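Undergrad: what's the 3D shape of this:
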Amino acid sequence: DLLTLVSCKISNLFQINIQHRRKKMTNIEMLEKTLPVAPLKLIAMESCQALGQKVNDYIVSFRENTINEVTESPLYINYKSNNYLVDCSCPRFGSGEAKGVLKETIRGTDLFIMTDVCNYSLTYTVNGHVNHMSPDDHYQDLKRIIAAATGKARRINVIMPFLYESRQHKRTRRESLDCALALEELNAMGVANIITFDAHDPRVQNAIPLSGFDSFDPPYQFLKALFREVPDIKPDKEHLMIVSPDEGAMHRAVYFSNVLGVDMGMFYKRRDYSTVVNGKNPIVAHEFLGDDVTGKDVIIVDDMISSGESMLDVAKQLKERNAGRVFVCTTFGLFTDGFDKFDEYYEKGYINKVVTTNLTYLPPVLYEKPYFVKADMSKFLALIIDSLNHDVTIGSVMNPTDKIHALLEKHKKGLI
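TA: Numbers count the residues shown, from 1 in each chain. So this is what the prediction gives:
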C-alpha cells in the first residue's frame, strides 16, 4: 500500500511538471515569436539593488533557452546577456543636493527603473549631519536618473512597488493630492509605463488616463509561501476563513475567499472624528462583521503593515473570539514602530505567522523572527519585465486564479 501511494504521488508530480513545462514552453514560444520593443536595460536604484540583482538573474535564465537561431534583426542585439543592469549613481554634495549619473549608454533601449521609496536604511550627509533617506529623497533620485537619460532611451518604464504617496490618493478639505501630482510629473518626464503593486487605491491612475499604469497583486505568492511554511493548513470552509481588517481591504479578502472557496469576515474601524492624532482620527474600536470563527484558522489580508497596531488589534480580537491560528498576509511590511509589539503578540499566541513580500526594504532583524515568512517576488517581477519588453499580453499575470487553483491541487496532494 505504501509503495502504491508513493507511486501515485510520483505520477501526479510528474503530470504536474509536464503541464507546467508545456505552459512554460507556450510562454517561451510567444516571446520568441514577438520582437522586443528595444534592447532591454534595467536600472536598480540603490534602494533596491538586492532585489534588482535577483530580477536580473531570472531574466538572464529566462532568455538562455530562447531565440535558438541567430537573427539579423537589430532588435535582438544584446538580447541574451549575462547582465542587464545599468551602472548608475546619485552622488551628493556636502549641502545634501544630488545629481543623477549614468555610467553607460542607454540610447535606444527599453529602460526599466526600479526604486523602493520605503528604504529608510540608506543615509546621506547634510552639512556634516547624517540623514536617513525618506520617500521624498528616493522619489527625487528617481527623477534625477530619468533626467540623466535625457530622452535617449526608446521607452522608460518605472517599477515602484510601493507607489509614492499612495496613501494620499484623495483630498479631504484643503489638502495636497501628492500621488496624482507625482504620477503627472513622471508622465511629463516621458515615463511610458508605471508598474506598482497593491496600490492603496488603483483609481489614482485616473490622474494619467493616457499612460500605462499596472497594479499587480501577490495572492499566489502569499499562498505559496504560507503553504510551504504551514503545510498542515486546510483551505476549506470548515477549517479556514479570510478576514479583512477594514473596509478598504475588502476587495482583497473577497478575491481570496472566492478563489479558495471559504467564508469571509470584515472589521470596520470606528473612529473618533472629533480629534486628530498624528494627522488622522484615532480608532476607537474594531467592530466585526462575519460568521463564527471558533476553531478556524484565519488569514488576515491587507496591503501594508505600517505601525501594525490595527492589524494586531484585529488579531487579538479574533483570538478572543476563539479563532484557531492567525496568519497575516501583507504586501508591504513597513513596521514603522519596530517589532516589540509583534514579538509580544506572537509570544501571547495572538499571531502565528506574518507573510510579507520583499518588494520593500526588510531589516535584517526581521529574518530572525520566528513568525516571519517571506514571499519572494523577484521571479514575478522578472516575468512582468520580460513580457512588457516584448509587448505581449500580461493578462495571465494580472489574474493569478489559474495558478492558485493549480497550487491548491498540489497542496491537496501533498506535493508542496
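
Undergrad: what about the residue nearest to residue 322 when sequence neighbours are not counted, how many neighbours?
TA: Among residues not flanking residue 322 along the chain, residue 294 sits closest, at 4.3 Å (Cβ to Cβ, 6 or more residues apart in numbering). Placement of C-beta: from N, CA and C, glycine included. A count of nearby residues for residue 294, using other Cβ atoms under 10 Å, gives 9.

Undergrad: residues touching residue 139, list them.
TA: By Cβ atoms under 8 Å, 6 or more residues apart in numbering, the residues touching residue 139 are 115, 117, 164, 182.

Undergrad: if you skip the residues just before and after it, what's nearest to residue 165?
TA: Spatially, and ignoring its direct neighbours in sequence, residue 165 is nearest to residue 178 (3.7 Å; Cβ to Cβ, 6+ apart).

Undergrad: about what we covered before: scan the contacts of residue 139 and report the most crowded one.
TA: That'd be residue 117 among these, by other Cβ under 10 Å, with 27 neighbours.

Undergrad: what about the residue nearest to residue 322, which SS state?
TA: coil (DSSP: H, G, I helix; E, B strand; the rest coil).

Undergrad: give the contact list for it.
TA: Residues near residue 294 by Cβ under 8 Å, 6+ apart: 321, 322, 323.

Undergrad: Any figure for the gap between it and residue 135?
TA: Per Cβ to Cβ, to the nearest Å, residue 294 is found 42 Å from residue 135.

Undergrad: Please enumerate the strands of the stretch 251-400 of the chain.
TA: 263-271, 283-289, 297-305, 326-333, 353-357, 372-375 (DSSP state E, counting those that start in this stretch).

Undergrad: now what about the first one, what contacts it?
TA: So that's strand 263-271. Contacts of strand 263-271 (Cβ under 8 Å, 6+ apart): 237, 241-247, 250, 253-254, 256-257, 281-291, 293, 310, 314, 317.

Undergrad: List the buried residues of it.
TA: 263, 264, 265, 266, 267, 268, 269 (16 or more other Cβ atoms under 10 Å).

Undergrad: Of the residues you listed, just say which sits nearest to residue 82.
TA: residue 264 (46.6 Å; Cβ to Cβ).

Undergrad: For that closest one, which non-adjacent residue is spatially closest?
TA: In space, residue 264 is closest to residue 257, 3.8 Å off (Cβ to Cβ, 6+ apart).

Undergrad: Now for that neighbour, how many residues are close by?
TA: Using other Cβ under 10 Å, residue 257 has 21 neighbouring residues.

Undergrad: Repeat that for residue 82.
TA: Using other Cβ under 10 Å: residue 82 sits among 8 other residues.

Undergrad: same question, residue 34
TA: When neighbours are counted by other Cβ under 10 Å, residue 34 comes out with 13.
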